[in-house]
Every structure is written in structure tokens, then in C-alpha cells.
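**Q** Give me coordinates for this.
(chains A and B)
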There are 2 protein chains.
Amino acid sequence: MPVSPIKMADAIRVLSMEAVHKAKSGHQGMPMGMADVATVLFSKFLKFDASKPDWADRDRFVLSAGHGSMLLYSLLHLTGYKAVTMKEIENFRQWGSLTPGHPEVHHTPGVETTTGPLGQGLATSVGMAMAEAHLASRFGADLVDHRTWVIAGDGCLMEGVSHEAISLAGRLKLSKLTVLFDDNNTTIDGVATIAETGDQVARFKAAGWAVKVVDGHDHGKIAAALRWATKQDRPTMIACKTLISKGAGPKEGDPHSHGYTLFDSEIVASRAAMGWDAAPFTVPDDIAKAWKSVGRRGARVRKAWEAAVAASDKGAELTRAMKGQLPAGAFEKLEAHIASAVENKPVNATRVHSGSALDNLIPSIPEMIGGSADLTGSNNTLVKGMGAYDAPDYAGRYVHYGVREFGMAAAMNGMALHGGVIPYSGTFLAFADYSRAAIRLGALMGAKVVHVMTHDSIGLGEDGPTHQPVEHVASLRAIPNLLVFRPADAVEAAEAWQVALQQNTTPSVMCLSRQKTPHVRTSAGENQVAKGAYELIAADGEAAVTIFATGTEVGLAVAAREILQSQGKPTRVVSVPCWELFDQQPAAYRKATIGSAPVRVAVEAGIRQGWERFIGEDGKFVGMTGFGASAPFERLYKEFGITAEAVAQAAG
Amino acid sequence: MPVSPIKMADAIRVLSMEAVHKAKSGHQGMPMGMADVATVLFSKFLKFDASKPDWADRDRFVLSAGHGSMLLYSLLHLTGYKAVTMKEIENFRQWGSLTPGHPEVHHTPGVETTTGPLGQGLATSVGMAMAEAHLASRFGADLVDHRTWVIAGDGCLMEGVSHEAISLAGRLKLSKLTVLFDDNNTTIDGVATIAETGDQVARFKAAGWAVKVVDGHDHGKIAAALRWATKQDRPTMIACKTLISKGAGPKEGDPHSHGYTLFDSEIVASRAAMGWDAAPFTVPDDIAKAWKSVGRRGARVRKAWEAAVAASDKGAELTRAMKGQLPAGAFEKLEAHIASAVENKPVNATRVHSGSALDNLIPSIPEMIGGSADLTGSNNTLVKGMGAYDAPDYAGRYVHYGVREFGMAAAMNGMALHGGVIPYSGTFLAFADYSRAAIRLGALMGAKVVHVMTHDSIGLGEDGPTHQPVEHVASLRAIPNLLVFRPADAVEAAEAWQVALQQNTTPSVMCLSRQKTPHVRTSAGENQVAKGAYELIAADGEAAVTIFATGTEVGLAVAAREILQSQGKPTRVVSVPCWELFDQQPAAYRKATIGSAPVRVAVEAGIRQGWERFIGEDGKFVGMTGFGASAPFERLYKEFGITAEAVAQAAG
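**A** Prediction:
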């Protein structure tokens, strides 16, 4: 007799409530409420093979409502992801376990993305679906053909990023993306309607999605809805009407059970209600077996796919791209470009230099996918011939993200996690504040993406203080595992791109100028940006002064050096394109680079925060102390006292 | 013969295109496209008096599409805001002018909020409408009865924050809020449909708004639509179908004219098309006169309102609140609470101490309006008896913002700018990243708001690295004009609230712990937090070590001091609840507080960035160097090496 799917769902419910109960921390409300939907999805629709979590053509499952992590951990354990043992379930939310409070990618096999910060799982999944559509076009449906499934809650859909995500997905007609909305009318503060009365179904429809409402506890109707979803020509949203904590006896349907740990007596009542009498943290054999067979369901398809890859003349290329290995000769053109720039000393804005670097990368690295949040011309992110990424064939390599900085950054994370593409995109540096939560999450996940951020200081001029970054370089440097580049000229810009693309588990930000700035680099050869900081010009004589500078202010430092040398003060200039890489250098190199000149000055058209590590507690800093203003940039630099003369005077 | 309203609109068009042309920078596309709508709004509906820009009961007009600033400057000039002379129009986007690139509140009379970062004007306007509704309830419709009008573009509506704003406004049924959508199908990268195909009208409807579509160049139909808007029982959105750069001859309707400066020949063609032959930067007398009379239109109503205020027994209280003066005895209860805390040494989480401070403030300061982004119980932001802020009467003082951190922070800015209320609200500190763009804009605008940010370190424990702030305190400290408090106990928490509420032009962030922390403060009297840093415990003997600490780590510093003293190393402890206030102290105080102990150590459960200013280049720092992890907090502090022993060892 086959095991009842309700019993299979109950296994999720019981594991979830007992793990939370043991940890005295976590959320069983959502896992219990969505157990039925998840059971139908995993046992009948999701293409996966628990023995091969990294199968490239698997469906992606994203738990956007990441606080319900026990839903996912239960599924991973039950379907037979080897590492996710019952001991791990028992160690939910404990130090060193594979079952942390929120799902963490690259930590637990089967977890596709780190979720918890609401709305972002949904936005990340849009990127996964985008990557799939592009690769399917590039490699053919026999090698790439999978779906992205998302569970999202009321909280996810209240977050603004959900709007950016669903309107982008609707615009791009991502038909292999399905959102399962846990429509239980519950948030932490109580019934969701205390804060939300919007019509989610109408809203998704307005964004171009196909929509459906279903009883989230009726397995037959859930299956019919999921089948319907696979047949639409646009992204699909299924509002699953559920009871929070379904099965939890007296707590079933109670909004306060969202992040509540059941009392012992409530556990007993819940088990009784479900007719579940197995010992804690055990699953009856028949149910366990049924789940294990779900986990093996995809093995046959996976093997057929492996054979197809082996047989295809595109298979090796797909494998390379999915592994994140750069193609042979990826940097040949770029290195020639660097050599030429050392020779020709082009004077321009560093955003233009970044664009030139891209001109030499895009033809060599076919997996690079660019874009901009509606600032293409300003960000210099488009290279001729990339083609617009769009339905129906998605072969284009340039995404018109629209004015959706946060959704864009999250989608880039999703593309990187999906694999097979290297996403970069552009906006103004000041608007890093809009996408910051996704930049951070990308850093936490080790997603290889590049954020091009132009107009990187008061140097943007007339647009004024709302658009002028002052604290942004410092605040991005604060994020762990993120490389923040601020290149000074064409050579450094190209070197920065090279270093960024050589990373595997670290995202990068390129801070680039709107205004022109002098060429400063005189030597090619070794990539100097890779060291984070280096002596650009030695002192003429024993150094009395060291000037540290980044980006557009390196030119000022060089000019200040001239003044100081002429005053008989031998001065060296250190260019500091990337603090984080400098921190990784050997102590001796760092010491030598900082040097022992008695006077140290730093100049950067931003705030001082953190510069003491270069200039010491009493070092001089030339930069900003507050917000900027609206005026032509030359005037601003003068009014705010960021000039070669001011640097020389600070050293004097 | 009355002047044609089309001619009045043409005056806006001509001033806009010529100011942009002269500055060789800016956007005439939107001002020219929306000139007709703005003309109808200002001349027939907007309640204002150009001679009294600060009239409390004026309608608020928000140009959310702030890049179209010349629309607003033209209107301010034409209607007779005295400071906005034609010379200022000619100096558009120049240093020191009243006409910066984007509108800046408190800089140009008649500008209600700083806009430019897209979507935020709309979200800010929701707060203005919220403040109006509350004050109307508190003071009666004869003293408070005005509307909020917003112009928003495609870009504003693509931003995620627009979703948070409109769903919040829809939920709260803010019927005096009207959004005029410049529906011109244009963004910087080209026609808006390259990135957006959503149905904005359906979307607003789904969020509970009343909606209408109108020809944005038909003055009669515009007037009918605006009249309709004033009669709805919910917020209203009017999609105004417009041509970008309407009137600009060959450039009319051209997407590329968004941020494009017309050529001389195009200016000539545009003037010819409009039949405009006045000299540049002059307006024909009859048109100028018609506009001036629009500017005086509200004077009679304004005077009647002034008389009503003078006659009302609530008038003085309204005036006080609108001026931002605290009531007499605002801090009496709080000061008694502080004295009692010094005596009773309560041990608890600092979020609980913040809640206790609020218990003693809410009854004394009736203009305080609280709320949370769906984390009320965790943020300790609700004080008994506040009542939920909700339709129909809006008398409640606690807003259920929902999971909308960004929309919440922007709404708080709007409330503060409106005046008459002091908003505060709560979320987790890690989610400051979601609202950061609004926190920054509030700092730039000098909006008096308080962001309560709890769960301020790895001390939140099991929720794990997505929810654990590591770099957030540093990155908030980077924002100019923002006070970042991290109090150590009940006394510091209450003092921090007092200082925050004493600000007039500076917002504050309270970083507060989830976990309990020891009481450390032994003396009451002078507010020590107001100094930013102070010696909490002197060394027993000539100081060999100074330990600097904030928040929950002050207790660790005190324990480390015990260890060091017992090792014969006289140690002083400096509590540093607010860097920014410390920076404002006299140099002598700063020097004395930092002291001259040969060893300096800082401890904070966050990153080191910037601490060198206290501990010097080679000082020791005990804190975090990367992301956290999921586990009970005691384990995390031990695993990450943030302990009294580690602090003592670092000093050894």
C-alpha cells in the first residue's frame, strides 16, 4: 500500500516542530503550513537527484521565506541528501551544524541560496531563471532545461524588492519561474491585514504574471496548479491558501505561532492530532522509504543528461562555464590593452576606461552578462554586439534592468549562484545604498559578481548631494568579503577588472569617475592593483612625505608631489586601488608600502573613516567631512578644498 | 482677456529648457511634459500662499521625479516665492544658487523635501499624508486639513520603495494623498517598455488606490481628474498621459530628450512652435501677472486659518508642535527613571532599556509617533496605550508599518518634514541595509527621526549571519549628520533617547542588543552620552591600559579591567556610546578622554574600521573580522574571541 502523501507531509511537520522545540529557537509555523505544497512539489515536479546536489540541470528550489528553514532541512534529510543527517536536524541552529537558523548556500548541500532577509530569495530566483533562459539558448534545451521554484511569504511580498523582482520577471516573460505564495495572512506582528490589504494576485497579474489561487492543503489541487504552471508562457504565481502551523493542534492557524516554540504539552497535542507516535527525531520506515524514493526520482533523468553532455560538442564548454573556469586566453586582449594604455597614456574618466576594459573582455569571455539600472550610457557597461537580453530567445548578453538597483543586484547574485554566467551591472555609486542589502548578501554567499558604480564622488558635479557619494566607498569597504576598487586610470581600471574576474568566491565593486582624470601609471607587467596598494612614484631623495590616494585623487597626489619636491621635500606617491587586497599582502610588503616617511597624507574625495590604517592616528587627510553640493565639479573640488595645493599644504 | 493657461504652462516650458540649456546640464524633458498638469494643479487646486512658504496648513507638493527640478523652480519663481528670483533660475545648478540640480529642502523656500533618489519622494509623501491625518485627528479639521500631491515618473514607480509606499498608503486609506504619474513611457535608456511592461494603473488599484487615466495636456480633463481625486475615500493615482519635452519642437516625445540639453537651433524651433518671443529669462507681463495671482490665491484662506489658530484653545499646542519645540517637562519622567536606574542597576537587554525609556517619554511628548517593520515585540517600540495608527480616525500613535523598512524610514522623513510629529520606528540593525537610502536622505535633509535598530551584533545568536550586523555600526557612522548611539545599559539608553530628542536637524540611530548585558553606570546627573565618550571607570593607579568599548561590550571591558587590575595593570574604561558627539567635544576633553595610557584596546562586536582614531594605528582591537554564524550567542562570543579574557590578553 503506498504511503499517504499526507503522512509524508506530516513527517516535515513533526521534524520542524521538534527541531524548533529542541533548539528553543526558530519557526515551525511556515514549515508546517507549507508542508503539503512542498511535498507535492518535491515528490512530483521538482527535477533533482539527492545524490548529486550540483547537477547543473536540476531545478532550483528557493525558500525565500528563509526563516522556515526547517521545511528545507526536513526535505533535504528526508529525500536523502547524505550530509543532512538526523543528527544535523537535532542540532538545528547550533554551532557548526549544517542546519543554521536560515539556509546558507555553500554550507548545506541542496541549499541554492542564502535566505532570511525577506524578499531577496524571490529576487535572487529571478536571476537564476534568467541564467537558465540564457544558457538554454546558448547550449540548447537538451543540455539546459530546468525550472526555478520559490516559496515566498507575506513578508517577502511586502518588501519593495519583490516589486522589482516581479516586474522584471514579468517584463522578461520568464516562464520557467514559479512563485508559491504561502498565503496564510500572517506576519510577526499578527494577522497580515494589520499592515497589508493589497491584492497580491491582482498585483502579480499587473506585472505580467499568470496567477492562480489554490487550497494549500489539498494535494490533488496543488498538483493540478503546479502542472498548470509548467504550461504557461510567462512567470507564474500560485497563491496557496494555508493555515500557519497546520497540524499543530491548538496552535494551528494561530498568527502567534509564527516564531513561537511549542510547549511540551502542545507538542503532545500536535502529535496526537496528526496520529504520529514515532519517537522524537525518528521517521517510520514506510514514510522514510517513500521519501527516499522521491530523492532518487531524478537519477535516471540526470544520467541521461550526463550522457547528453558527454555526447554534445557543446558539453565541454557548458561544463567549463558551470565550473566557473575562465576560457583559455581570457585576458589576452585585456593585457594587450593594458600595454597599449601604458604607452598611449589615455586621459579620460575612469568609467570610460572601465568601458574600454570591457571592450577587451566581452569578446573573450562569453559567459559575461552585463546590464545597467537604466544608466547604460553613464555607466559605460554596454559593449557593441552584446545584444539585448530579452524574450523570446534570451541569447543577448545585456540586460535592461530598469530603475531597479536592488532587484538587479539580487538577480546578479542568483545568476552567479546558478552558474555558467558571470554577471556585472551598473548604477551610480550613490545608489549602492539602494542595493546594499543584496551586495552584502552576495558577499556573504561568495557570489562572483561585479557591481560597476560610476559617478563616484562630488566629481559628478551638478546633480548635487543626493547623487554624490561621500561615505559610500568607506561603507562598502566595511562589508566583509567584498573587493572595493577605485582605479586611477586606464591601466588600473583594466587591472581591477582582471583581478575581479579572477575571484571565485568574492564579489567586487568598481568605483569609477564621471570626470576625466590624468593618466598616472608608467609601468605595465605585473598587475599592481592585485596588491591593493603600491608605490606609484618614488621620492626623489629620502622620502619626507608619503601621499596615499585613490582613483581621481591619484592625479592630485602626483601634482602635489611636484609642488613638494620643488619645495625640497622628497615625496612618494602610493596608489591604493583596493584596501582589501592590500590587507591580504605579506606584512613586510605592507610595511614597505606604507613606508617610514615622517609625514603621511591621504587624499580621497570621500570621508576619512579608516584611513588611519595608512596615515596613522595623527596623519593628515584631505577629503570630505559632510555632504556635497550642486555645481560644476571643478568648482566643487576647489570649494571643498580637495586640490593639489591643499594636499601639499597638509604635508607642509 | 484672461491669459491662456497654455501660455502659463509654456512659461514653465521655456524657463525649464533655457535654464538647462544655459547650465548645459539638467533635464527639461519632464518639466516640459508635466507643465500642463502642474499649471492646473497650482492654479486651481494646490492650497498655498507664496508669501508664506511655512504656513502649517498648506498642501504639500512633492516632486518625486526630482531630476525635473526646473518644473518646481519655475513654479516657485512664477508664483512669487520671493527668494527664487530670475537670477536664481539663470544660475541653475551653480555653486551657491537656490536652484541646485535636484530640489533640496531647507535650502530653497517652497521645496518640501529633497528628491532625486527615485521613488523616495513618493515614499516620503506618504509620511506627510500620515502626519496630516494624525494632526487633523488631534487638532480638528478647522486647524489641520490639507492634501499631499506628488508627481512621480516611470523611474519612481520601478523602484521597490514605491511598492512599500503605495501598499502602506492603500492599507491606511490616506485619502488626501494624490499621485500624478507622468506617464510618458520614457526612461534614460529609452522607451520605458524596454524595461517595464507592468500595468501601473492595475497595480495601484491592487494596492487599494482609486485610479484614473487622463490626457496630461488637456487642462479641462486634468482639472476634472484632480477634482475627482479630492472626493475619494482612499489615495488616488492619476496616470497623466504626456509627451516628454512637450513643446520642444523636434524633440517633443523623443525619449532621448530626457536628460538632453537642447541645441541652440532646437531652442529656436521650440520657441517658434510655442509662439514664444520674449527675451531669454523674461516672461511677458500678462503671463507673469497671471502666475503671481496664482501665488496669492491662498492668502485669504491662510489668514482665516491664522485667525482660527489664534482663536482655538488648541492653537498654541499646534504651533509648539509644528515648531518642533518639546513640551515643558518633556524629560521629567525620564530623568527620574535615570536616577532610579543608577540606583537599581537593572540588568537586561539594551532594547528593553530603550523600551523603558520610551515608557517614560511617550506620555510626556504627545507628538512622538512610534512603529515597527513587523518586529514590535523584538524592537520594544510599543508603549501601552499608544493605540494603533489606523483609519478612520488616525488618533493612534503606533504604526504597523509591515515588512517595509525602506518605506518606513522614508515615511518617517516625510512626517518629520511635515512637522508636528516626532517619528521613531524599529527594525533589526542588519536591515538598516534595506532602509539605508532613506536614512541617508534623512541625514541630508536634517529630518528629526529616530531609527530603533535592535539585535545589534552576533549577540542575536541563532538567526545567524544574515541577521547579524557586523559592519553596520561602522557603515552608519560613515553617514554625515547622523548620530549613531550604542548604549551600554539602562542609563545610557535613556540618556541616548534624551540626546536624540534634543536634536533639531539631525536624525539618530539606536543600536540595541537582543541579549542581556550588565549594568555599568554608577553615576547620574550630567548626561554622559551627550559627550559621546567618557571615562566610565578610572584606573586604580596610573593608567597602564585604556579600554574603549560600546554597548554590550562595555560590560566585557569592565570585566577585563578587573583581570588587568588583578595583574597589577591599572586600567581605565572609556564608554563610547556615540562617536559623532565625541567628535564635537572640545579638543582638550577629547584628549583627556582618550588619555595617555601606553596601551589602548577597543572592543566592539563589529569590525575595526575607524577605531584607530581611539586606539591609534597600532592599537589592539577585539571584534569581528568577517561574518557571524548561527548558534546561541554565548557560544558565538566565545568562538569569535570576544571575551573579557581576550580583551585582557590583548592589553597584556
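**Q** Surely residue A:617 touches residue B:617?
**A** Yes: here residue A:617 reaches residue B:617: they are 5.7 Å apart, a contact under CB atoms under 8 Å. Backbone N, C-alpha and C define where each C-beta goes, glycine included.
**Q** where's the residue of the stretch 301-450 of chain A found nearest chain B, which helix or strand?
**A** Relative to chain B, the nearest point of the stretch 301-450 of chain A is residue A:402 (3.1 Å; CB to the nearest CB). Counting by DSSP states H and E, no helix or strand carries residue A:402.
**Q** Next, work out how far apart it and residue A:609 are.
**A** Here residue A:402 is placed at a distance of 33 Å from residue A:609 (CB to CB, to the nearest Å).
**Q** Please say which of those two ends up with more neighbours.
**A** residue A:402 (27 against 23; other CB atoms under 10 Å in any protein chain shown).
**Q** mind showing which ranges of chain A have poor pLDDT?
**A** Scanning chain A for pLDDT under 70 picks out the ranges A:1.
**Q** how close does residue A:641 get to residue A:575?
**A** From residue A:641 to residue A:575 the distance is 21 Å (CB to CB).
**Q** more crowded one of those two?
**A** Neighbour count, other CB under 10 Å: between residue A:641 and residue A:575, residue A:575 has more, with 29 against 15.
**Q** give the contact list for the more buried one.
**A** Counting by CB atoms under 8 Å, 6 or more residues apart in numbering or on different chains, residue A:575 makes contact with A:488, A:492, A:520, A:528, A:533-534, A:536, A:549-550, A:554, A:557.
**Q** Residue A:430 is in contact with residue A:464, isn't it?
**A** No: contact criterion CB under 8 Å: residue A:430 and residue A:464 do not qualify, at 10.3 Å.
**Q** which residues are in contact with both of those two?
**A** With CB under 8 Å, 6+ apart, residue A:430 and residue A:464 have no common neighbours.
**Q** and whichever strand or helix holds residue A:130, how far from the chain's centre?
**A** Using DSSP H and E, residue A:130 falls within helix A:120-139. Offset of helix A:120-139 from its chain centre (CA atoms, centre = their mean, to the nearest Å): 13 Å.
**Q** Beyond it, next helix or strand please.
**A** strand A:148-153.
**Q** What pairs with that next one, parallel or antiparallel?
**A** strand A:60-63 (parallel), strand A:177-183 (parallel) (DSSP bridges).
**Q** Relative to the whole chain's centre, how far out is that strand?
**A** 17 Å.
**Q** now the angle between helix A:120-139 and it, please.
**A** 170 degrees (axes from the mean of the first three to the mean of the last three CA atoms, to 10 degrees).
**Q** Now do the strands in the stretch 451-600 of chain A.
**A** Using DSSP state E, counting those that start in this stretch, the strands of the stretch 451-600 of chain A run over A:483-485, A:508-511, A:516-517, A:534-537, A:545-549, A:571-575, A:599-603.
**Q** and the stretch 201-350 of chain A, which of its residues are near chain B?
**A** For the stretch 201-350 of chain A, the residues in contact with chain B (CB under 8 Å from any CB of the partner chain) are A:202-203, A:205-208.
**Q** Between the residues you listed, which sits nearest residue A:510?
**A** Of all these, residue A:510 sits closest to residue A:207, with 31.0 Å by CB to CB.
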